[in-house]
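Peer 1: take a look and give me a structure for this.
(one chain, ligands or ions: 2)
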Amino acid sequence: MRCRVSVQVRRRIEEELMGKEVKTIGVLTSGGDAPGMNAAIRAVVRKALSRGLKVKGIHQGYRGLLNEEIVDFDARSVSDTISKGGTILYTARCHEFRTSEGQDEGAAICRKHGIDGLVVIGGDGSFAGAQQLALRGINTIGVPGTIDLDIACTDYTIGFDTAVNTAMDAIDKVRDTSTSHERCSIIEVMGRNAGYIALWCGIANGAEDILLPERYNYDEQELINNIIHNRKRGKKHHIIINAEGIGHSTSMARRIEAATGVETRATILGHMQRGGSPTCRDRVYASVMGAYAADLLCEGKSNRVVAFRGGEYVDYDINDALNMQKEISDYMVRVAKAMTI
Ligand code: ADP
Ligand code: F6P
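Peer 2: Numbers count the residues shown, from 1 in each chain. Ligands and ions are numbered 1, 2, ... in the order given. Model (predicted):
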């Protein structure tokens with residue numbers, strides 16, 4: 001559940017916090033980890049230090065904040081991290097922080113440790129938490145870190161590029177064996193309720209069918225007809241990319257095999273998609289976004305999310321960012337379909 005904040009309350013926060021001088025900042029990662037988070041942490045730390053701020057690392061997201069798992073950071077604390085997957089700060093999902101008591105405590109702990117500014121690297125849920133800390137007087141900035149690409153205010157989220165490349169490589173391998181055995185393969189990719197990883201892999205891997213939560217009509221007969229039709233046209237395999245938000249790949253495979261007579265296997269790629277050394281793109285975007293977040297705190301800004309939109313790095317009010325909607329591109333879906341003839 002997202003918390004909507006009235007325009008008047010927002011103005012009050014902005015007036016109170018804008019221009020507030022920040023001396024010590026914290027940085028945490030929250031929600032699912034994503035390759036490139038370390039590059040973002042490193043950039044926050046080094047940019048803030050270069051501007052004369054003190055920096056503290058908070059382990060395990062909001063849970064670690066509530067447990068006061070807070071350590072002093074210097075420039076060397078983030079050495080040798082830019083190429084590493086995962087997050088050196090660890091991450092967590094913390095139910096307690098969804099409650100106002102938890103949020104009050106989080107703000108009080110920040111004050112106790114002298115943390116007057118905070119960078120939260122994560123997804124929409126993490127930003128909703130950041131907004132609550134901003135309401136309680138801690139200057140907070142969100143940085144979009146999720147493999148799912150499902151943050152509406154930004155065209156880019158840290159981790160997506162590495163995750164789709166990892167998934168693409170894995171799907172290429174499944175495709176080889178699928179061709180050798182002339183099978184149908186259903187490959188399930190991550191993305192929670194969003195179909196971006198599925199759509200991108202579907203295009204990059206030349207899938208015959210792509211099932212997106214935003215589009216799928218659950219008409220399995222259509223898939224079955226498609227497989228039979230493609231067999232008649234001489235296709236040696238049939239790759240179906242299924243998004244996690246639809247799921248049930250294993251039972252789908254059983255039903256499809258029974259209906260088509262074509263051997264069908266399901267592969268669920270799972271958490272391998274979240275690991276690995278970040279791509280160049282993830283490292284660079286993460287570095288710029290992390291540095292941008294530190295700059296915003298230095299300028300006394302709060303309740304903002306860093307974004308990449310229309311070819312530029314920009315920032316949005318968190319409330320506005322959380323109220324934006326993101327659509328899957330119709331044109332990309334049509335292109336994917338056209339490639340399957
Ligand atoms: P993501 O940040 O990737 O969207 P989650 O939705 O799991 O991941 O959120 C990460 C954490 O952010 C949650 O475990 C919780 O601690 C905090 N959070 C999520 N939603 C809220 C909310 N509405 N208010 C306060 N904190 C929240
Ligand atoms: O948000 C990233 C993500 O990997 C989603 O794609 C997926 O639905 C979820 O996290 C999995 O979470 P967990 O690691 O808790 O199983």
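Peer 1: what residues does the chain have near ligand 2?
Peer 2: Within reach of ligand 2 by CB under 6 Å from any ligand atom, the chain has these residues: G32, T146, I147, D148, M190, G191, R192, E244, R274. Where you see a C-beta, it was placed from the backbone N, CA and C, and this is true even at glycine.
Peer 1: these: which two are farthest apart?
Peer 2: T146 and E244 (13.1 Å; CB to CB).
Peer 1: show me which of these two is the more surrounded one.
Peer 2: T146 (27 against 22; other CB atoms under 10 Å).
Peer 1: give the contact list for that one.
Peer 2: G31, G32, A34, G122, G123, T157, I158, G159, F160 (CB atoms under 8 Å, 6 or more residues apart in numbering).
Peer 1: excluding chain neighbours, what is closest to the fourth one?
Peer 2: Yep, that's G122 we're talking about. Excluding its sequence neighbours, the residue lying closest to G122 (CB to CB, 6 or more residues apart in numbering) is S30, at 3.8 Å.
Peer 1: tell me which element G300 falls in.
Peer 2: Assessed by DSSP states H and E, G300 sits outside every helix and strand.
Peer 1: confidence score at it?
Peer 2: At G300, the model reports a pLDDT of 96.
Peer 1: quick one: it and ligand 1, what's the gap?
Peer 2: Distance of G300 to ligand 1, computed by CB to the nearest ligand atom, to the nearest Å: 23 Å.
Peer 1: pretty sure that residue sits against D116.
Peer 2: No. When contacts are counted by CB atoms under 8 Å, G300 is not listed as touching D116 (10.2 Å).
Peer 1: who's more crowded, those two?
Peer 2: In this view G300 and D116 are compared by other CB under 10 Å, and D116 has more residues nearby, 21 against 14.
Peer 1: over to the more buried one: give its phi and psi.
Peer 2: phi -110, psi 0 (degrees, to the nearest 10).
Peer 1: so who does it touch?
Peer 2: K20, V22, K23, T24, I25, C110, I138, N139.
Peer 1: ranking those residues by neighbours, who comes first?
Peer 2: That'd be I25 among these, by other CB under 10 Å, with 30 neighbours.
Peer 1: what separates stretch 81-92 from the chain centre, distance-wise?
Peer 2: 14 Å (CA atoms, centre = their mean, to the nearest Å).
Peer 1: again with stretch 72-89
Peer 2: Per CA atoms, centre = their mean, the centroid offset for stretch 72-89 relative to its chain is 19 Å.
Peer 1: quick one: mean pLDDT for it?
Peer 2: For stretch 72-89, the mean confidence score works out to 98.
Peer 1: quick check, it touching ligand 1?
Peer 2: No. Counting by CB under 6 Å from any ligand atom, no contacts exist between stretch 72-89 and ligand 1, the nearest distance being 12.1 Å.
Peer 1: buried ones in that stretch, by neighbour count?
Peer 2: Buried residues in stretch 72-89, counted by 16 or more other CB atoms under 10 Å: F73, S77, V78, T81, I82, K84, G85, G86, T87, I88, L89.
Peer 1: again, but for stretch 257-267
Peer 2: E257, A259, T260, V262, T264, R265, A266, T267.
Peer 1: ok, those vs D172, which is closest?
Peer 2: T267 (12.2 Å).
Peer 1: so which helix or strand takes in the closest one?
Peer 2: Using DSSP H and E, T267 falls in strand 264-268.
Peer 1: which outside residues touch that strand?
Peer 2: 170, 174, 178, 183-188, 249-250, 252-254, 256-257.
Peer 1: can you check what pLDDT the model gives I224?
Peer 2: 97.
Peer 1: tell me the secondary structure of the residue in the chain that ligand 1 sits nearest to, please.
Peer 2: Relative to ligand 1, the nearest point of the chain is G125 (2.1 Å; CB to the nearest ligand atom). Three-state call for G125 (DSSP: H, G, I helix; E, B strand; the rest coil): helix.
Peer 1: quick one, what contacts it?
Peer 2: S30, G31, R93.
Peer 1: just checking, the last one touches G31?
Peer 2: Right, the one you point to is R93. Yes. Contact criterion CB under 8 Å: R93 and G31 qualify, at 6.5 Å.
Peer 1: common neighbours of these two, please.
Peer 2: G61, G125.
Peer 1: which of those two has more residues huddled nearby?
Peer 2: Taking neighbours as other CB under 10 Å, R93 and G31 compare with G31 leading, 23 against 16.
Peer 1: name the helices or strands packed onto the longest helix seen in the chain?
Peer 2: Assignment by DSSP state H gives helix 160-180 as the longest helix of the chain. Counting contacts by 3 or more CB pairs under 8 Å, 6 or more residues apart in numbering; DSSP states H and E, helix 160-180 packs against strand 184-189, helix 196-204, strand 238-243, strand 264-268, helix 280-298.
Peer 1: what's that helix in contact with?
Peer 2: Here helix 160-180 makes contact (CB under 8 Å, 6+ apart) with 34-36, 85, 146-149, 183-185, 187, 189-190, 196-197, 200-201, 204-205, 207, 236-239, 241, 265, 267, 269, 272-279, 281-282, 285.
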